[in-house]
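Enquirer: kindly generate the corresponding structure for this input.
(one chain, ligands or ions: 1)
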Amino acid sequence: MLKSFALQKHALERIPGMTQLLSKRPDMFSRNIWPGYYSRAKGATVWDMDGRQYLDMSIGGIGACVLGYADEEVDDAVIRAIQDGVACSLNCPEEVRLADVLCELHPWADMARFARSGAEALAVAVRIARAHTGRDVVACCGYHGWSDWYLAANLAGDSALDGHLLPGLEPAGVPRGLQGTSRAFRYNHLDELHAIVAADSAKLAAIVMEPVRSDLPEHGFIEGVRAVADKTGAVLVMDEISAGFRFCAGGAHLALHATRPDMAVFSKALGNGYAVSAVIGRKDIMQAAQQTFISSTNWTERVGPAAALACIKAYAARKPHEKFFRFGQRVKAAWKDMGERNGFAMHVGGMDAMAHFSIDDPDFSSFKAYFVQCMLEEGILASNLCYLMDAHCDADIDRYLEACEKTFAKMAEARERGGPARRLKGQPALASFRRLA
Ligand SMILES: Cc1ncc(COP(=O)(O)O)c(C=O)c1O
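Expert: Predicted structure coming up:
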């Protein structure tokens, strides 16, 4: 058995669910063929445990590696930080510099706090917003991680309805007493936020939302959300964990919105794969962090801020978003064209830097797994997502799209000859969780 598969089998015995992140589970792609583990990654190339080499056109470290894998500029800064000691009894000066840099990029913000994962930083932001307002209820829109404050949106009065708002995110283990403290509304559906406010306006502590996801904001949507925050006194928090550093150096809201939030949260692209996350905000709100207890040992280590400073500097100089717009639009147009020419009902969406497609077919799980399989045979890690990195070049996109062209033709042939499931060497792909569309 190949090392990659033997390790997956062993991990299933030792680690519940095999991985620490749903999106990196091999069954999200196609179990028994997806390599699962890597031995080395550099630029946009990945080597698996068996030394097989791939061009990675899949999830780019699930959006964390905005520059590319093992980026020399970022790694050099991290190596220097390690050589100077990553932790001691004093604090690292890099975190103060990082707070300055983030506030310079976002002039509406005055202060910053740091954590190491996205969900942690969001929990910090929600705690600060609740402390500042003295209220409990959070209106949320989009995906915000695994924390209790967010999964509480899936606690229904009747446990049979648990999970109905954000399908695929199970709230087992989240105290039922949190029911009603988090309420979800859909992107571009201002009426749904108004309905939450009508029911709970006196209790609304925060509105937590992604600045953009599948769709761009419709005219008046963000302004409408801002007006609700202003009217109710709720804190408007932009979750920039995925969208940040895809449209410009900093939050997507800088490029896409006419108004500004009260707080914003970053992770993923902020550290190019190193663990770091940040909450920035207005001083009057951020100071509420002092009325509560928000404190953790490993939030003081040096690697995260050192990586973030180097990553922001490299991003500002290289401006990879210009490439993301060009490549992403090319990929999206090609998927749609290839799919439709082969008779598939295609849905293509997402930010240019983080595009996705789906096919309107009851057996989409098998089609997706067959896509993964055919692309692996071309030496490419791919799925129905394509997250771009600065390390991608024109030749990578050419090679990727040529492989897609062949793969869509094979998928059409499979559809005509008994369906894709019969051709799978692995398992059909598992459905991911779905955001409220
Ligand atoms: C918008 C958004 N918020 C929060 C998170 C959670 O971040 P993390 O996985 O670092 O906890 C993610 C991760 O995908 C995300 O995309």
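Enquirer: ok, now which ones touch the closest residue to residue 165 other than its chain neighbours?
Expert: Among residues not flanking residue 165 along the chain, residue 184 sits closest, at 4.6 Å (CB to CB, 6 or more residues apart in numbering). The C-beta positions use only the backbone N, C-alpha and C, and glycine is treated the same way. Listed by CB atoms under 8 Å, 6 or more residues apart in numbering, the contact set of residue 184 reads 139, 140, 141, 153, 165, 166, 436.
Enquirer: could you check the pLDDT of the fifth one?
Expert: Confidence per residue is given as pLDDT, and for residue 165 that number is 72.
Enquirer: could you shift the numbering so residue one becomes 15, and keep it that way?
Expert: I'll keep to 15 as the first residue from here, and by that count the last item is residue 179.
Enquirer: returning to what we had before: distance of the residue nearest to residue 179 relative to residue 135?
Expert: Residue 198 sits at a distance of 20 Å from residue 135 (criterion: CB to CB, to the nearest Å).
Enquirer: where do the helices sit along the stretch 115-264 of the chain?
Expert: Taking DSSP state H, counting those that start in this stretch as the criterion, the stretch 115-264 of the chain contains helices spanning 132-147, 162-165, 204-214, 235-246.
Enquirer: run through the neighbouring helices and strands of the first one.
Expert: Using 3 or more CB pairs under 8 Å, 6 or more residues apart in numbering; DSSP states H and E as the contact criterion, the elements in contact with helix 132-147 are strand 125-129, strand 151-155, helix 162-165, strand 218-223, strand 249-253, strand 277-280, strand 291-295, helix 297-300.
Enquirer: so which of the ones you listed is the most packed in?
Expert: Counting by mean count of other CB atoms under 10 Å, strand 277-280 has the highest mean neighbour count of the helices and strands packed on helix 132-147, with a mean of 30.
Enquirer: anything in that one near the ligand?
Expert: No. Strand 277-280 does not reach the ligand (CB under 6 Å from any ligand atom); its nearest approach is 7.5 Å.
Enquirer: circling back to that earlier point, distance to the ligand and mean pLDDT added to the helices of the stretch 115-264 of the chain, as CSV?
Expert: Converted to CSV, the helices of the stretch 115-264 of the chain look like this (distance: least, CB to the nearest ligand atom, whole Å; pLDDT from 0 to 100):
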stretch, distance to the ligand, mean pLDDT
helix 132-147, 2, 98
helix 162-165, 8, 96
helix 204-214, 18, 93
helix 235-246, 16, 98
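Enquirer: residue 263 is nearest to which of those helices?
Expert: In terms of CB to CB, the element of the helices of the stretch 115-264 of the chain nearest to residue 263 is helix 132-147, at 18.8 Å.
Enquirer: tell me the most buried of the helices of the stretch 115-264 of the chain?
Expert: By mean count of other CB under 10 Å, the helices of the stretch 115-264 of the chain have helix 132-147 as the most buried, with a mean of 24.
Enquirer: alpha carbons of that one, as PDB, please.
Expert: C-alpha atoms of helix 132-147 as PDB (Å, rounded to 0.1, in the frame of the first residue of the first chain):
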ATOM      1  CA  GLY A 132      -9.500  32.400  12.700                       C
ATOM      2  CA  ALA A 133     -12.200  31.000  14.900                       C
ATOM      3  CA  GLU A 134     -10.200  32.100  18.000                       C
ATOM      4  CA  ALA A 135     -10.000  35.700  16.800                       C
ATOM      5  CA  LEU A 136     -13.700  35.700  16.000                       C
ATOM      6  CA  ALA A 137     -14.400  34.500  19.500                       C
ATOM      7  CA  VAL A 138     -12.300  37.400  20.800                       C
ATOM      8  CA  ALA A 139     -14.200  39.900  18.500                       C
ATOM      9  CA  VAL A 140     -17.600  38.600  19.700                       C
ATOM     10  CA  ARG A 141     -16.600  38.700  23.300                       C
ATOM     11  CA  ILE A 142     -15.300  42.300  22.900                       C
ATOM     12  CA  ALA A 143     -18.600  43.300  21.100                       C
ATOM     13  CA  ARG A 144     -20.700  41.700  23.800                       C
ATOM     14  CA  ALA A 145     -18.600  43.300  26.600                       C
ATOM     15  CA  HIS A 146     -18.800  46.700  24.900                       C
ATOM     16  CA  THR A 147     -22.600  46.600  24.400                       C
END
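Enquirer: quick one, it and strand 291-295 angle?
Expert: Angle, helix 132-147 to strand 291-295, by axes from the mean of the first three to the mean of the last three CA atoms, to 10 degrees: 20 degrees.
Enquirer: the ligand contacts on the chain?
Expert: Applying CB under 6 Å from any ligand atom, one finds that the chain approaches the ligand through 131-133, 136, 156-159, 224, 253, 255-256, 281.
Enquirer: if we go to 8 Å?
Expert: Applying CB under 8 Å from any ligand atom, we find that the chain lies next to the ligand at 35, 37, 76-77, 131-136, 156-160, 224, 227, 253-257, 279, 281-282, 291.
Enquirer: poorly predicted segments of the chain, please.
Expert: 172, 174-175, 446-451 (pLDDT under 70).
Enquirer: in it, which spans are strands?
Expert: Secondary structure of the chain (DSSP state E): strands at 52-56, 59-62, 67-70, 125-129, 151-155, 196-198, 218-223, 249-253, 277-280, 291-295, 360-365, 368-373, 394-395, 399-401.
Enquirer: can you give me the end-to-end span of stretch 311-318?
Expert: In stretch 311-318, first residue to last residue: 13 Å (CA to CA, to the nearest Å).
Enquirer: that should have said stretch 156-165, apologies.
Expert: End to end - CA to CA - stretch 156-165 spans 12 Å.
Enquirer: measure the residue nearest in space to the middle of the chain to residue 230 for me?
Expert: Geometric centre of the chain, nearest residue: residue 256, 3.9 Å, by CA atoms, centre = their mean. For residue 256, the distance to residue 230 (CB to CB) stands at 15 Å.
Enquirer: ditto for residue 183
Expert: 25 Å.
Enquirer: of those two, who's got more company?
Expert: Higher neighbour count among residue 183 and residue 230: residue 183, with 21 against 13, using other CB atoms under 10 Å.
Enquirer: I figured the more buried one hits residue 168, correct?
Expert: Yes. Assessed by CB atoms under 8 Å, residue 183 is found in contact with residue 168 at 5.8 Å.
Enquirer: which neighbours do these two share?
Expert: Common neighbours of residue 183 and residue 168, counting by CB under 8 Å, 6+ apart, are residue 177.
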